[in-house]
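A structural model of the following input is requested.
(4 chains)
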Protein chains: 2
Amino acid sequence: MAQQEPREGRLRPARRLTLAEDVYESIKTLVMDHILPPGERVNIDALARELDVSPTPVREALARLEADGLVRKRPLSGYTTTPLLSRAEFDDLFDVRQLLEGATAGRAATHASAEARERISAEAAASIDVEAGDGYRRHAAFTALDAKFHDLIAEVSGSPLLRDTITRLHSHLHLHRLYFPVAGAPDTNTEHQRIAAAIVAGDAAAATEAMRAHLSAARERHLPAFDQLPAPATPRDSA
Amino acid sequence: MAQQEPREGRLRPARRLTLAEDVYESIKTLVMDHILPPGERVNIDALARELDVSPTPVREALARLEADGLVRKRPLSGYTTTPLLSRAEFDDLFDVRQLLEGATAGRAATHASAEARERISAEAAASIDVEAGDGYRRHAAFTALDAKFHDLIAEVSGSPLLRDTITRLHSHLHLHRLYFPVAGAPDTNTEHQRIAAAIVAGDAAAATEAMRAHLSAARERHLPAFDQLPAPATPRDSA
DNA sequence: CAAAGCAACATCCTATAGGAAATAGGTTCC
DNA sequence: GGAACCTATTTCCTATAGGATGTTGCTTTG
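A predicted model of the protein is given here:
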């Protein structure tokens, strides 16, 4: 009622256009960064108080996040964050990524503009300066750069639908254990450059193969995360 | 307030668990059947009155539908149903379907249980009795059966993620012109049986190829729909 | 006659209140 | 001592009201 004036010190950034949109982005970040732990119950009212908004936009944002697969809704029991990926789900994710992203790399190699090839090449080269920094910042920067590279190839592939699908999959990847040390950053850069080179050369088969090899290697690099802790049981999964 | 008691004569079916869920299904049907024409504005209040609920669950349902791609939201202007697929988007959809569903067919052929192969074979054979009926009913039954067959293969493929992705794509297909005469129903059945045979035989390459050929043929059968009417301009698309 | 400006309208967006269901804890009975 | 039942609390779910914004139609002016 009387609190229409802008408030200071809020968790979310300056509002863009609609409040619900901001709330959506805020909650998405909370889930991605595991500030809301996977498999945990999400209290709508508490979240609304935390973000300093009414429960209504929170509810709308959660509905969208449910469609994105980041939270789940049990009919009369409330929302919960999606539990961590199991080993089987993780393997499934990378299988699908190989299929989809292998295709985007091939398509990009076949019909991409000269300007687009230039951008890809530049992006692969720019990956080097991420070596600076350390700890969480370094990990976040590396992850962001990797995502950008993959999205760039998807964009250039010329299939909006394929790109959307891959973007959606990437959300699921962030459900993986977060603070896992990225020892293989240099390897990743090398692999990215191999992919970029194949695309620039216009060799579709080589680009597809390079992408699949890259994802296969990335999968291997992530695997030790499953040995850290035994996957916590998620009794809530039972229908 | 005083209208908590169940009401008669409502548009939507008997409520399942939550009101928002029912509203979601109801609106989804309205969009799929083009009762809400593509590209049209969606009035939240009017829809709430029509469904005899308050605007709040309608808003929540629309948020989910937006994530599904069935409606779009322009920040301070309201929701609109997604416009009809353009020729380019239609081609893109079938390109992606070939990629994804070709993979599911191959996977199904490789590792499917004997029981699963039996189900697929039965489903392909059952497609024949859809010849009965006529007009809209026949079309709806045929579409449902086709969707079921494709989903069955996706299920058997053993990749939940792949199956979800394909299901999502199918929603987009329904954005295509609806009342298009399905002249090629017999052809569809023949193609389905070819796919089923390859899967039963365990020939992954043949299954993939049969699926791709089927989708290619289906695409051709749908193409004349674009000649019926010139695609209506959608001026609302401009940012 | 056309274009720009203004005003009224309709619509969306957010906040708050109240009822219903599910969960958790304690108690009692076997 | 364990299990089942009951009660209280918490939480979700729905409905309603009010403020802000975009849109549309009309009027006026060049």
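
Report the beta-bridge partners for the closest residue to DNA strand D within chain A.
Using C-beta to the nearest atom of the strand, the single residue of chain A nearest to DNA strand D is A:Gly78, 3.0 Å away. All C-beta spots, glycine's among them, are computed from the backbone N, C-alpha and C. Listed beta-bridge partners, A:Gly78: A:Arg74 (assigned using DSSP bridges).

what sits against it?
By C-beta atoms under 8 Å, 6 or more residues apart in numbering or on different chains, A:Gly78 lies in contact with A:Arg41, A:Val42, A:Asn43, A:Ile44.

do A:Ile153 as well
A:Glu101, A:Thr104, A:Ala105, A:Ala108, A:Ile120, A:Ile195, A:Ile199, A:Met211.

ok, now A:Thr56?
Per C-beta under 8 Å, 6+ apart, neighbours of A:Thr56: B:Thr56, B:Arg59.

Whatever residue of chain A ends up closest to DNA strand C: neighbour count?
For chain A and DNA strand C, the shortest gap (C-beta to the nearest atom of the strand) falls at A:Leu19, measuring 2.2 Å. Number of residues near A:Leu19 (other C-beta atoms under 10 Å in any protein chain shown) recorded here: 18.

how much space between the nearest residue to it once chain neighbours are set aside and B:Leu65?
Nearest non-adjacent residue to A:Leu19, counting by C-beta to C-beta, 6 or more residues apart in numbering or on different chains: A:Pro57, 5.0 Å away. Distance, A:Pro57 to B:Leu65, using C-beta to C-beta, to the nearest Å: 17 Å.

Ok, A:Leu152 next?
Taking C-beta to C-beta, one finds A:Leu152 at 29 Å from B:Leu65.

ditto for A:Ser121
40 Å.

The closest residue to A:Gly202 other than its chain neighbours: helix or strand, and which one exactly?
With sequence-adjacent residues excluded and distances taken as C-beta to C-beta, 6+ apart, A:Gly202 is closest to A:Ala109, at 5.5 Å. Under the criterion of DSSP states H and E, A:Ala109 resides in helix A:87-110.

on contacts alone, who are the packing partners of that helix?
Packing partners of helix A:87-110 (3 or more C-beta pairs under 8 Å, 6 or more residues apart in numbering or on different chains; DSSP states H and E): helix A:135-156, helix A:160-173, helix A:185-201, helix A:204-222, helix B:87-110, helix B:160-173.

Of the ones you listed, which is nearest B:Lys28?
helix B:160-173 (8.3 Å; C-beta to C-beta).

now that closest one and helix B:135-156, what's the angle there?
Helix B:160-173 and helix B:135-156 meet at an angle of 160 degrees, taking axes from the mean of the first three to the mean of the last three C-alpha atoms, to 10 degrees as the criterion.

for helix B:160-173, which positions count as buried?
B:Leu161, B:Leu162, B:Arg163, B:Thr165, B:Ile166, B:Arg168, B:Leu169, B:His170, B:Ser171, B:His172, B:Leu173 (16 or more other C-beta atoms under 10 Å in any protein chain shown).

What of stretch A:49-57?
Buried, per 16+ other C-beta under 10 Å, within stretch A:49-57: A:Glu50, A:Leu51, A:Val53, A:Thr56, A:Pro57.

same question, stretch A:70-88
For stretch A:70-88, burial by neighbour count (16+ other C-beta under 10 Å) applies to A:Leu70, A:Val71, A:Arg72, A:Lys73, A:Tyr79, A:Thr80, A:Thr81, A:Thr82, A:Pro83, A:Leu84, A:Leu85.

From those, pick the one nearest B:Glu89.
A:Leu70 (26.4 Å).

now that closest one, nearest residue through space, not along the chain?
Leaving aside its sequence neighbours, A:Leu70 sits nearest to A:Val31 (C-beta to C-beta, 6+ apart; 5.0 Å).

correct me, but the one you found touches A:Val71?
Yes. In this structure, A:Val31 is within contact of A:Val71 by C-beta atoms under 8 Å, at 6.9 Å.

what touches both of the two?
A:Leu65, A:Thr81, A:Thr82.

Hmm, A:Arg72 and the last one touching each other?
Yes. The pair A:Thr82 and A:Arg72 passes the contact test of C-beta under 8 Å, sitting 5.8 Å apart.

show me what contacts A:His111?
By C-beta under 8 Å, 6+ apart, the neighbours of A:His111 are A:Gly158.

where does it fall, phi/psi-wise?
A:His111 adopts backbone torsions of phi -130, psi 80, taken as degrees, to the nearest 10.

you'd agree A:Arg72 is in a strand?
Yes. Under DSSP: H, G, I helix; E, B strand; the rest coil, A:Arg72 sits within a strand.

Any chance of the helices and strands packed on helix A:87-110 in TSV with distance to DNA strand D and mean pLDDT as columns?
Below are those laid out as TSV (distance: least, C-beta to the nearest atom of the strand, whole Å; pLDDT from 0 to 100):
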stretch	distance to DNA strand D	mean pLDDT
helix A:135-156	28	86
helix A:160-173	22	92
helix A:185-201	39	93
helix A:204-222	32	95
helix B:87-110	24	96
helix B:160-173	22	91
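
Out of the ones you listed, flag the one nearest B:Arg221.
Checking the helices and strands packed on helix A:87-110 against B:Arg221 by C-beta to C-beta gives helix B:87-110 as the closest, at 11.2 Å.

Can you name the next helix or strand after that closest one?
Using DSSP H and E, the next helix or strand after helix B:87-110 towards the C-terminus is helix B:114-126.

Show me chain A divided up by domain.
What automatic domain parsing lists as the domains of chain A is A:19-81, A:87-227.

which element is the residue of chain A found nearest chain B on?
Residue of chain A nearest chain B, by C-beta to the nearest C-beta: A:Ala67 (3.1 Å). In the assignment (DSSP H and E), A:Ala67 maps to helix A:55-68.

That helix vs helix A:160-173, what angle?
Using the same axes, to 10 degrees: helix A:55-68 against helix A:160-173 is 110 degrees.

Which parts of helix A:55-68 count as buried, going by neighbours?
A:56-68.

Same question for stretch A:185-195.
For stretch A:185-195, the buried set under the neighbour-count rule, 16+ other C-beta under 10 Å, comprises A:Ala185, A:Thr188, A:Asn189, A:Glu191, A:His192, A:Gln193, A:Arg194, A:Ile195.
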